[in-house]
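> curious how this folds, go ahead:
(chains A and B)
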2 protein chains.
Amino acid sequence: MNLKEKDINQLPKHKKIHLINGITGTKAANLIGTVNENGQENLAVFSSVIHIGSDPALVAFVLRQGKVARHTYENIVQTKFYTINHIHKGIYKQAHQSSAKYEEGESEFDATNLVSEYIDNFPAPYVKEAKIKFALELQEIVPIKSNGTQLIVGKIKEIHIPDDLVFEHGFIDLEKAGTLTLSGLDGYYELNLLARLSYAETHLDIKEIKKDSNGKQ
Amino acid sequence: MNLKEKDINQLPKHKKIHLINGITGTKAANLIGTVNENGQENLAVFSSVIHIGSDPALVAFVLRQGKVARHTYENIVQTKFYTINHIHKGIYKQAHQSSAKYEEGESEFDATNLVSEYIDNFPAPYVKEAKIKFALELQEIVPIKSNGTQLIVGKIKEIHIPDDLVFEHGFIDLEKAGTLTLSGLDGYYELNLLARLSYAETHLDIKEIKKDSNGKQ
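Predicted structure coming up:
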């Protein structure tokens, strides 16, 4: 399949959406939890969460104004706080269900039977069933003029990961966590670690980072 | 492991980098190909490529100014054109090697033995060994003030995918393509399709999209 811009423009609507949503490769599969000033909670799947920087620890995601994302956006602007929760194998069907269009006043937590959890007085709800989760404070809303979307940039305030999912030097074992990756609109993939590769040095061959007999690296 | 912001700030430098690079979940694993006005080619791994919109077909990635990304940035600003190439199992070690710091005048294509390929007179080089690849024209450079990085937004001009990797309705078979996903700085994972889920409707259970006996969906 070799498409030029004019061919892409002429694709049937749903084929175009599937193809263009899949062409970038894998996407992080996360649930974003928020609550408004009246205590009304919201939960939504986002597939555009990306790393922006480590020091300060900044994470961003793309928000397209629309019925599904509206409550997430309004709650973040109102309260400044939100959580990001990895979607794993045990909760992906419930997570996907949260992308349905619920009315104002209806919580996706209730609709999907996922449990909202407040930890150490952080003012936004986590997903109790998520293993890897972290909380953020809004830093910056960056307008993307090309199509009217926005990049929501937040600073990490808290991180919660079970100890057995983190190696001593900080690498997170996503396979053991059951974290999934998303492709297109609706494809959920499991992960199998192929290799970890050493830092690339000029003209030297890349080496695999071997585990010792205890699985430590 | 439960960390507050002050704990994160106090982590040893490399542990912080590994942890914060891994906390967002999986990342798309792509090679970006560019060439400058003098014909000097450049190739670099980027793990921040994300979908911005389908109509128009827009894709973005985060660029941090620095030695490795500098040539990619300069070439895109000079020529406006670049390619994005999925990293698959057959080329991931060579791809990772491209992130070493090469000097001006040295091509990562030569250093990694990946072959540059020009298709239909598009002015930026593809990776010949990549199966899924597409080409873009720069639309917008969006500054992220929080840490001085930039979001590079491009419009898709061409797409090349082998026919057997695309379903009739546009879903791309990333598992069959051998496309990998990245975690942290150096973890490469293979994909196993767990399920495709139907569009979420309110109060209805999510259903899996079943393949028929020919594998068509």
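> for the most centrally placed residue in chain A, grab phi and psi.
Note on chain A: the residue nearest the mean C-alpha position is A:Asn30, at 3.0 Å, using CA atoms, centre = their mean. Per-residue torsions, A:Asn30: phi -130, psi 150 (degrees, to the nearest 10).
> quick check: beta-bridge partners of it?
A:Phe46, A:His86 (DSSP bridges).
> what do you get for the one 5 residues further on?
According to DSSP bridges, A:Glu41 are recorded as the beta-bridge partners of A:Val35.
> contacts only, for it.
A:Glu41, A:Asn42, A:Asn75, A:Thr79, A:Pro123, A:Ala124, A:Pro125 (CB atoms under 8 Å, 6 or more residues apart in numbering or on different chains). The way it works is simple: take the backbone N, C-alpha and C, and place the C-beta from them, glycine included.
> so which of these is surrounded by the most neighbours?
A:Asn42 (29 neighbours; other CB atoms under 10 Å in any protein chain shown).
> got the residue ranges for the strands in chain A?
Using DSSP state E, the strands of chain A run over residues A:2-4, A:27-28, A:30-35, A:41-46, A:50-54, A:57-63, A:81-86, A:116-117, A:126-127, A:133-144, A:149-160, A:181-183, A:187-196.
> any chance of the ones you listed in CSV, plus distance to B:Ile17 and mean pLDDT?
Listed next are the strands of chain A as CSV, based on distance: least, CB to CB, whole Å; pLDDT from 0 to 100:
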stretch, distance to B:Ile17, mean pLDDT
strand A:2-4, 38, 98
strand A:27-28, 18, 98
strand A:30-35, 21, 97
strand A:41-46, 24, 94
strand A:50-54, 5, 97
strand A:57-63, 10, 97
strand A:81-86, 19, 98
strand A:116-117, 28, 98
strand A:126-127, 24, 98
strand A:133-144, 16, 98
strand A:149-160, 13, 98
strand A:181-183, 21, 96
strand A:187-196, 14, 96
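> distance to B:Ile156 for the ones you listed - can I get that in JSON lines?
Output for these, formatted as JSON lines (distance: least, CB to CB, whole Å):
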{"stretch": "strand A:2-4", "distance to B:Ile156": "9"}
{"stretch": "strand A:27-28", "distance to B:Ile156": "16"}
{"stretch": "strand A:30-35", "distance to B:Ile156": "24"}
{"stretch": "strand A:41-46", "distance to B:Ile156": "22"}
{"stretch": "strand A:50-54", "distance to B:Ile156": "19"}
{"stretch": "strand A:57-63", "distance to B:Ile156": "16"}
{"stretch": "strand A:81-86", "distance to B:Ile156": "28"}
{"stretch": "strand A:116-117", "distance to B:Ile156": "38"}
{"stretch": "strand A:126-127", "distance to B:Ile156": "34"}
{"stretch": "strand A:133-144", "distance to B:Ile156": "15"}
{"stretch": "strand A:149-160", "distance to B:Ile156": "16"}
{"stretch": "strand A:181-183", "distance to B:Ile156": "17"}
{"stretch": "strand A:187-196", "distance to B:Ile156": "20"}
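> of these, which is nearest B:Gln139?
Smallest distance to B:Gln139 across those (CB to CB): 9.2 Å, for strand A:133-144.
> rewinding a little: out of the contacts of A:Val35, who's nearest A:Thr149?
For A:Thr149, the nearest member of the contacts of A:Val35 is A:Asn75. The distance, counting by CB to CB, is 17.9 Å.
> what's the closest non-adjacent residue to that closest one?
Leaving aside its sequence neighbours, A:Asn75 sits nearest to A:Thr34 (CB to CB, 6 or more residues apart in numbering or on different chains; 3.5 Å).
> let me see the contact set for the one you found.
Neighbouring residues of A:Thr34 by CB under 8 Å, 6+ apart: A:41-43, A:71-72, A:75-76, A:79, A:81-83, A:124-125.
> then A:His18?
A:His18 neighbours (CB under 8 Å, 6+ apart): A:Gly184, A:Leu185, B:Phe167, B:His169, B:Gly170, B:Phe171, B:Ile172.
> what about the closest residue to the fifth one other than its chain neighbours, distance to A:Val49?
Nearest residue to B:Gly170, sequence neighbours excluded (CB to CB, 6+ apart): A:His18, at 3.2 Å. A:His18 sits at a distance of 21 Å from A:Val49 (criterion: CB to CB, to the nearest Å).
> one more: A:Asn75?
Per CB to CB, A:Asn75 is found 17 Å from A:Val49.
> cool, A:Thr83 as well?
A:Thr83 is 12 Å from A:Val49, where distance means CB to CB.
> so between these two, which is more surrounded?
The neighbour comparison of A:Thr83 against A:Val49 (other CB under 10 Å) goes to A:Thr83, with 29 against 24.
> show me the contacts for the more buried one.
Listed by CB under 8 Å, 6+ apart, the contact partners of A:Thr83 are A:Ile32, A:Gly33, A:Thr34, A:Phe122, A:Ala124, A:Pro125, A:Tyr126, A:Val127, A:Lys133, A:Phe134, A:Ala135, A:Leu136.
> pick the one among the residues you listed closest to chain B.
Taking CB to the nearest CB as the measure, chain B sits nearest to A:Phe134 out of these, at 5.7 Å.
> let me see the contact set for that closest one.
A:Phe134 sits next to A:Val59, A:Thr83, A:Ile84, A:Ile156, A:Lys157, A:Glu158, A:Ile159, A:His160, B:Ile23 when contact means CB under 8 Å, 6+ apart.
> now for the last one: which residues touch it?
When you say that, I think you mean B:Ile23. Counting by CB under 8 Å, 6+ apart, B:Ile23 makes contact with A:His51, A:Ala57, A:Val59, A:Ile132, A:Phe134, A:Ile156, A:Ile159, A:Ile161, A:Ile172.
> distance from stretch A:47-64 to the middle of the chain?
Offset of stretch A:47-64 from its chain centre (CA atoms, centre = their mean, to the nearest Å): 9 Å.
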